[in-house]
Structure formats: structure tokens, C-alpha cells
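> structure here, sequence nowhere to be found:
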RNA sequence: GGGCCCGUAGCUCAGCAAGGUAGAGCAGCGGGCUUUUAACCCGUUGGUCCCGGGUUCAAAUCCCGGCGGGCCCGCCA
């Protein structure tokens, strides 16, 4: 049984009139695949709910009202961009100049990938929420019940700030909501009068003072309270959160208490999840340790990313290494075959069925899709320079036809377009992430190999004459073995000679197809050149 | 100081809730594809289940105590 079922049991047991699922993210930089875990958990919840006949609402809250606290490593910014530190992210210009704001740039880059990944949510920007009457009322409620709130807070946070209040304000003059002096210090309301509905502040960054009505001021709640207010306003049923917030007596727990005591709402079901690590290190936006969904989609299919993450219980670490993409894709292909009964179920057949249904995007095909194996793609795309794109595609389609034939299914247009997508992905993967031992390249410069004895010379000569015949790939591969035996040269040695001449390495992909792929005249010339040098 | 997760084959991890003869994938090795090299198929090697106690007829699994690794906990989501 898949773990998502237990979560959905708990959701249904709440008996909420409407099921509302939330996730949230501060767009302080590129949004990485760690955050995708949250989206996939919610997406999986929706799928399972739907199976049981329940509709649900899924909102993605973008915390665009949070201040810019630092500029993440790896982001190129214009001169004097530091000026924007302390401004809410939706008021910070897009450093790349292509979106409405800093917040929009990074959010939209993430959001654009989501439908491709099978995630469908409503996008809600926090700065828009704060314009609404419900949020203004929440702020009034907070100010009215400030003593009670301080009391709750004191249970979770120990400091000497007894004049603490959670209402932050955007300065009318410098547009900052916080200032960086030592740490990042929030700009707070100083005085307020709830009867007259007015409040006053003095900007901590620039010193500007102002008094306006609560409706007119740009106000924000500090985040544990902000979270609680959003839960209450949207009547949130469930919101997953990273393990950092879910620590006992941490942010989530305090927000739950605030939600109940101040806003009279029970609060959502807490679903904690562990982080993804990248090469052993936690992904951190501000340190530039990221890997984004957009980058994933360049190198591997989206359903494989769902498989990679949804296969693991939420509280377990996931170690992501881009070098291991071929394993991940193979893993997905395997559960697909299990799903369609093409591979024997090992143990928990039901688990794999459930998992597959959570991974596949859109309608589950009646017949098994025919997949071009990723490892096959890796070899093929490295021959593209020689074969040309069309021949690579043709060979790949022939290959899936063969697989289709074996399982008694005709290749469809979808299968073909999937294969072509995989080839493109593998090409990117080879260029960006492949370890050296998976790569090979035909050497165009002079080979450094020289035959060391008569047998080797004889072998190369024999290969040249083989090439002058029009042998099929199959025949050629066989003849290479025959020739080596006939001459009395070790098979292993024979192959490594050929690879040395062509690749400058003693290993390579299957030889016959490689030889046939090359221009014959060029190849013969090259082999002869090795012989001439020796005499 | 507090919390969470992990420790099982060379690698990545299942198995632990309901204790009953240690599993998978990949890698390796061997074979097949009428004649071994990085597509495909079959077979196969491989493990003090981190350590020490306890409970039990029986512990990878439950309990206690350690060790090792990773991460989190300041209004920095």
C-alpha cells in the first residue's frame, strides 16, 4: 500500500465541508526540486481523493510580500541591486528584466513547469491576499488580541521583546518592509488606534514617519502569524511543510495554536517532509545549491521525476545526483512494465500499481507505452555527429518497433514522439552530467595507436577488406570475431585496437554499428594510415 | 541544549507498523543472441542487517543504551 493513502484517510476523517490543500514558497531565488516534493505530495493527494470520489482545491501561495533578505549566489544582478534588500519581493525589479518583478521571475519559472509535471494548482500571490478585506480584518484581530498572541508566542520563542507585535509595514517613502542592519530587522507598526482604524510607523530603514488608515497602509503579518491567518481565511485542510518548520514546537506548531486561539480555526493537517540533497548537501537557494524542475525537464521525462519523489516516504531523505538519471528512468520504466503485467511483480504488486498511477500524467494508457530505453539513447545520441539526426531517429524507431513486436503491440505516434523526446533529453544529459566512462567521441585527429606486431597488422588489414564488402551489421559483427580468431589475436585485444584507432580509448559502443555508421572511405583511410606509419 | 531522518550486498535502497530460513535494481561475474565488449535475454557471486544489552521458543524487525552520518530548531519558510 502506498503511503499517500494514510494521509488521505486522515484528510477525509476531518470531514471538512471543502477540502483545501495548500503549498507555499518564498520566491527568494530559483525554486528547486526540493520544493517540488511538496507539489507532488499535494498532487498525489488530489489523485487519491479523486479516486475515492472527493473533489479538492489546490492553491499555491507565493510569498511575494516577504522581504528580499539577501541576493543568492549565482544570480547576476545590476549594479546597486543591494538597495532592494528589505523591499518586498514583488516590489523588487526582475534582475533579468523579463518579468514584472523579482518574485514573478522566479515563481513563473517554476510555475511554467508544473503542468508538464502533472501538477495543477491555483496560483495566489501573497501581496494580492494582503489587499483583501479578510486579511485587513485578520490584522485588526491580531492587534486587538495582542496580549493573548504574545502569551502564545512566549511559549515558543524566548527573547526579551515584550513590546513585540507581528504587524510589519511597507514604508511609503523607500518601499522597504525590513532593513538590514546586522540581521534583517522588520519594519513594525509603532502605534495604532483600532477605533479610528489608523496606525503609525517610523521606517527603520530611512526614518520616514507616517500615519494612515489601516486599509491604506501596506501591512503584512510576520510569518508564523501570517501562516495562521492564511489557514483561517482559506480554511486549509492540509499543508505539507519542510522538516525545518515541522520541528516540535517550531513554526508549524505555533502557527497552529495561533490559528486556533486567535482566528478560531482548527488549522490544517500537518504533513512534514524531508529535504532533497544534491550530492550530499541540502539544496539552498541563497547558497546557489539548486537544481530546478526546469533543469530536470531538459534531461529526463516528467513522470520519472514523480516516480523518483513519490516512491519515497515523505520523512525520508532523498539523495539526488544528476549522474544517476539513467537509473531513475530505468526504475520508472520498470514499474510501468510491472503495471502492465510485462514484468513479474516482485512482492508488493499493489504498491507498484498505486505508485504508477500517481506518476503517470494525464490518462493512463490502455496499452503499455513502448519506451526507448534511456541507456540506448545515451549511446545513440553520441553517434549523432556521425550518423546525423535522421538516422539516429530512424534507428531508434526501428528499435522500439522491435520491442513492440516482442510484446505484441504496434508502435503508436505517441510512442515515437516519446522516443524522440527521450533522445533529446539524453543528448542534454550527456552534454551536462554524464560521467566520463559513459562518454565516447570519434577522434578526428591522427590516431596515436600503432600496431605492435604482425598479427595486429594482419587484423587491421583483414578489417579493411571486410569493410570493402557490403556486409550487414549483423554479419560484420560476426566477421570481426571470426577474423580475430582466425588470426589468433585475443578478442579483447582486437576490439580494443579498433576502439583505440577510432576513439582513442580501449572501450566503446558495439563495434559493427559504429563502423557502419562512419563514412567508409574515411574509415579505410584512417585504418590504412595506422599501417603506413608502422612500416 | 532540543528534535527529525538514516545506518541491510560494491552502489542506491526495500523489508521493520502486525517478530517466523536476509530481498530488489544497478554494478560485477558467467552464458545466450549459429561464434564475449556499453541496446536485449538467461543465470550467478556477493551481507557480523552499525555495536552492546534486554524481551522471546524465535529479533534486521519490539524495548533500553551507545556509536557513526545527514539535517533542522534564532520573526532569516
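The structure has been received and is ready for your questions. Everything numeric here is computed off the predicted structure, so don't read it as measured data.
> is any part of the strand or helix carrying residue A:515 close to RNA strand B?
Here residue A:515 sits within helix A:511-517, counting by DSSP states H and E. Yes. Counting by Cβ under 7 Å from any atom of the strand, RNA strand B has neighbours in helix A:511-517: A:511, A:513. C-beta: built from backbone N, CA, C; applies to glycine.
> what's next to that helix, contact-wise?
A:383, A:386-387, A:391, A:467, A:473-474, A:476-477, A:480, A:495, A:498-499, A:502, A:508, A:523 (Cβ atoms under 8 Å, 6 or more residues apart in numbering).
> ok, which pair from those residues is furthest apart?
Farthest pair in the contacts of helix A:511-517 (Cβ to Cβ) is A:391 and A:495. Separation: 23.3 Å.
> and the stretch 1-150 of chain A, which residues reach RNA strand B?
Counting by Cβ under 7 Å from any atom of the strand, the positions of the stretch 1-150 of chain A adjacent to RNA strand B are A:1, A:24, A:26, A:28, A:63, A:66, A:69, A:126.
> what ranges do the strands span in the stretch 251-400 of chain A?
Remark: strands assigned in the stretch 251-400 of chain A by DSSP state E, counting those that start in this stretch are A:269-273, A:276-278, A:281-282, A:318-320.
> list the buried ones in the first one?
So the one you mean is strand A:269-273. A:269, A:271, A:272, A:273 (16 or more other Cβ atoms under 10 Å).
> describe which strands that strand pairs with in its sheet and in which direction.
In the sheet containing strand A:269-273, its partner strands are strand A:238-242 (parallel), by DSSP bridges.
> next one: the last one
In the sheet containing strand A:318-320, its partner strands are strand A:276-278 (parallel), by DSSP bridges.
> run through who's touching the strand it pairs with.
So strand A:276-278 is contacted by A:32-34, A:37, A:283, A:289-291, A:309, A:317-321 (Cβ under 8 Å, 6+ apart).
> phi, psi for residue A:209 please.
phi -120, psi 150 (degrees, to the nearest 10).
> so it sits against residue A:189, correct?
No. In this structure, residue A:209 is not within contact of residue A:189 by Cβ atoms under 8 Å, at 11.9 Å.
> quick one, which of the two is more surrounded?
Taking other Cβ atoms under 10 Å, residue A:209 and residue A:189 do not tie; residue A:189 has more neighbours (19 against 12).
> any idea of the angle the helix or strand that contains residue A:9 forms with strand A:238-242?
Following DSSP H and E, one finds residue A:9 within helix A:4-13. Put simply, helix A:4-13 runs at 140 degrees to strand A:238-242, going by axes from the mean of the first three to the mean of the last three Cα atoms, to 10 degrees.
> for residue A:395, the count of nearby residues, please.
15.
> for residue A:459, see how far away residue A:490 is.
Noted for residue A:490: a distance of 10 Å to residue A:459, by Cβ to Cβ, to the nearest Å.
> wait, I meant residue A:394
In terms of Cβ to Cβ, residue A:394 sits 31 Å off from residue A:459.
> try residue A:85
Distance from residue A:85 to residue A:459, by Cβ to Cβ: 69 Å.
> try residue A:229
Using Cβ to Cβ, we find residue A:229 at a distance of 79 Å from residue A:459.
> and of the buried residues of strand A:269-273, the nearest to residue A:234?
Once Cβ to Cβ is applied, the member of these that ends up nearest residue A:234 is residue A:269, at 13.9 Å.
> for the closest one, give me its contacts.
With Cβ under 8 Å, 6+ apart, residue A:269 has these contacts: A:7, A:10, A:11, A:14, A:237, A:238, A:239.
> hmm, try it at 6 Å
A:10, A:238 (Cβ atoms under 6 Å, 6 or more residues apart in numbering).
> any idea which of the contacts of helix A:511-517 is least confident?
When these are sorted by pLDDT, the bottom entry is residue A:386 at 72.
> count the residues that sit near the residue in the stretch 101-250 of chain A that RNA strand B sits nearest to.
Closest approach of the stretch 101-250 of chain A to RNA strand B (Cβ to the nearest atom of the strand) occurs at residue A:222, with a separation of 2.5 Å. By other Cβ under 10 Å, 16 other residues sit near residue A:222.
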